[in-house]
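> Next input, structure requested:
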Amino acid sequence: MALSPVLESKRLTLQGQLDSAKTLAERNKLGQFPTPTMLATDILEYARTLLPPAVRIRFLDPAFGTGSFYSALLKCFATRRIAAAVGYEIDPHYAQATIDLWRGQALDLRLMDFTHATAPASNADKFNLLICNPPYVRHHHLTQAVKTHLLQAVQRATGLKLNGLTGLYGYFLCLSHAWLADDGLAGWLIPSEFMDVNYGQPLKTYLLDQVTLLRIHRFDPTDVQFQDALVSSAVVWLKKTPPPVDHIVEFTYGGTLAQPVITKDIPAAALRDSSKWTHYPRASIGPRPDRSGLKLADLFKIQRGIATGANDFFILSTDQIAEQNLPRECFIPILPSPRYLAADEINADIQGDPLIDRARYLLNCNLPEEAVKRQFPTLWAYLQTGVAAGIDQHYLCQHRTPWYAQEVRAPALFLCTYMGRQDTGRGRPFRFILNHSQATAPNVYLLLYPKPNLALHLDHHPRRITAVWHALNEIQMETLIGEGRVYGGGLHKLEPNELANAPAEKLLAVLPELSLNPSGQLRLLEEQMPYDVHPNTKHAPAAVARVQKAATRTQASKVKRKGTPHPSQGTRTP
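Numbers count the residues shown, from 1 in each chain. This is a model prediction of the structure:
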């Protein structure tokens, strides 16, 4: 074996020095999270079991860093077997020092962006072993020009049209197709999120149709592979050859590549019919479960809470509002993070403010800047501190007019926490909350607005509200976890469409007047409708009014200017 322990020790020291010279934010922007030595070695050891023993290796790492995989290559393979080794590194901060580190080795390290490099034309010049931990850069860190280039490059390389929400790692995976020799082997250390999300579907199509997917090993989310990145990781193994008929894919979970906790062979046909691959290998194989029954989507319109773009700036306490002498009519109540809610039922005072210890208020002003400057000089001064801090240049703020305007989210009677861990004192990553107040909610909540039939029913049977809340909390936690996705450290997350897909039969048990018609639509039994309600009544019931407010997307609400009322009063829609 060619690698000495001293050289790997030097590489680790260099990695630490180079990482410490950058802030975490700077490294996050380029997706720079180094592969631990033990994991890199496990991956190359496994690659050795997949390659014919006599084959000469042409090795490629498109995101080289300081060379954790190259170091493992030298450790796991004899020098005589390595015919060529090529690496790409976009960041000169790492590349120059790394070139010096590996000087004397048969390594061709190229300082350039792999996504702009041209693949070899000859199959003989391509690579039969590609191992990569590609940059974990979220789509919103990619400029539109970069996205356009990447989308076009992938379409040329594979014929696939990736979703614009795809992270940079997805483009690396697809672009590498042109670099792999026929029958070449690739191992990708990537986030497992692509296995469950809609924007991961083109990647799954590529893995099932254009190559032979050999194995996916998913690490236990509580076993974080990268200490500085909250991501659930998987190693995807593929071979550049068309998949055979009735192909079987090995799925493993937990432990290591060499010693997984669970192993199961999954037919590729089952993967085509599955929207969530993280169910495997623990899920049973068989007919798809019947999901034709009542779902939460039949009863609720579900939305994420408000994404402000800078919570510390836009969400303030009463004391902060007073200290800045800000106009109180420009604020509305907003719930704090779920970790600050001691109870799951929120009561309200006479003004509709939540009776909680950590009261918070959202800056809610849509007036043009000139109007704010003229009518609310203290608010104008506060906004200028945001400009000086660069908050107006934050991604969300840049896409709003004016930049300090907020999304419209009416107070929701029912809420669900957006993310959480199972190993908390509650033992439940998701909580359903009953909100009697007029507080809106930030994007760490999912807001459940009853659809018109349910809203009408609850207005005339208000005692059923608590029963509905209890029924929501009786939905099996395993079901909700299965609908969502999980990240590093065991952090579970649930998007609106995933919660909407959860079964809702338990709610019918507490709502006997509601039923599904033959077409699957929810209806309120006519004989149970109150006689004093007419479909064209001028005054919509309160819950229906909430649905109507939730559908409102206009930013044209005006700030009231009478006196200095309580912070909860102001731009709230009547």
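
> Beyond the helix or strand encompassing L129, next helix or strand please.
For L129, the enclosing helix or strand under DSSP states H and E is strand 127-132. Next helix or strand after strand 127-132 toward the C-terminus (DSSP H and E): helix 144-158.

> returning to what we had before: for the strand holding L129, give the mean pLDDT please.
Strand 127-132 comes out with an average pLDDT of 97.

> Which strands border it, and is each parallel or antiparallel?
strand 57-61 (parallel), strand 180-191 (parallel) (DSSP bridges).

> Redo the ones you listed as a markdown table? Include mean neighbour count.
Backbone N, C-alpha and C define where each C-beta goes, glycine included. Listed next are the strands paired with strand 127-132 as a markdown table, based on neighbours: other C-beta atoms under 10 Å:
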| stretch | mean neighbour count |
| --- | --- |
| strand 57-61 | 23 |
| strand 180-191 | 21 |
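
> I'd like the ones you listed laid out as CSV, including distance to F430 and mean pLDDT.
Output for those, formatted as CSV (distance: least, C-beta to C-beta, whole Å; pLDDT from 0 to 100):
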stretch, distance to F430, mean pLDDT
strand 57-61, 39, 97
strand 180-191, 21, 96
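
> Can you check which of those strands gets nearest to L458?
For those, the distance to L458 is smallest for strand 180-191, at 40.2 Å, taking C-beta to C-beta.

> what's the very next helix or strand once past the closest one packed up against?
Sequence order places helix 201-209 as the next helix or strand after strand 180-191, per DSSP H and E. Packing partners of helix 201-209 (3 or more C-beta pairs under 8 Å, 6 or more residues apart in numbering; DSSP states H and E): helix 168-175, helix 268-272.

> Distance to L130 added to the strands paired with strand 127-132, as JSON lines?
Output for the strands paired with strand 127-132, formatted as JSON lines (distance: least, C-beta to C-beta, whole Å):
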{"stretch": "strand 57-61", "distance to L130": "5"}
{"stretch": "strand 180-191", "distance to L130": "4"}
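
> where does the strand holding L129 sit relative to the chain's centre, distance-wise?
28 Å (C-alpha atoms, centre = their mean, to the nearest Å).

> G65: which of the helices and strands packed on helix 201-209 is closest?
Closest among the helices and strands packed on helix 201-209, using C-beta to C-beta: helix 168-175, at 13.3 Å.

> rewinding a little: between the strands paired with strand 127-132, which gets nearest to T23?
Of all these, strand 180-191 comes closest under C-beta to C-beta, at 21.8 Å.

> Out of the helices and strands packed on helix 201-209, indicate the one that is most buried.
Of all those, helix 168-175 has the most neighbours on average by mean count of other C-beta atoms under 10 Å, namely a mean of 24.

> Using PDB, write out every CA atom in the strand holding L129.
Extracted as PDB, the C-alpha positions of strand 127-132 are listed here (Å, rounded to 0.1, in the frame of the first residue of the first chain):
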ATOM      1  CA  PHE A 127     -12.700   6.900 -15.400                       C
ATOM      2  CA  ASN A 128     -13.700   3.500 -14.100                       C
ATOM      3  CA  LEU A 129     -13.800   4.600 -10.400                       C
ATOM      4  CA  LEU A 130     -15.400   7.800  -9.400                       C
ATOM      5  CA  ILE A 131     -15.800   8.600  -5.600                       C
ATOM      6  CA  CYS A 132     -17.100  11.900  -4.500                       C
END
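
> how far away is V387 from F313?
Per C-beta to C-beta, to the nearest Å, V387 is found 11 Å from F313.

> Would you mind telling me which of those two has more residues around it?
Between V387 and F313, F313 has the larger neighbour count (other C-beta atoms under 10 Å), namely 19 against 14.

> and the helix or strand hosting the more buried one, what other elements does it pack with?
If you go by DSSP H and E, F313 is part of helix 311-314. Using 3+ C-beta pairs under 8 Å, 6+ apart, the elements in contact with helix 311-314 are strand 360-363.
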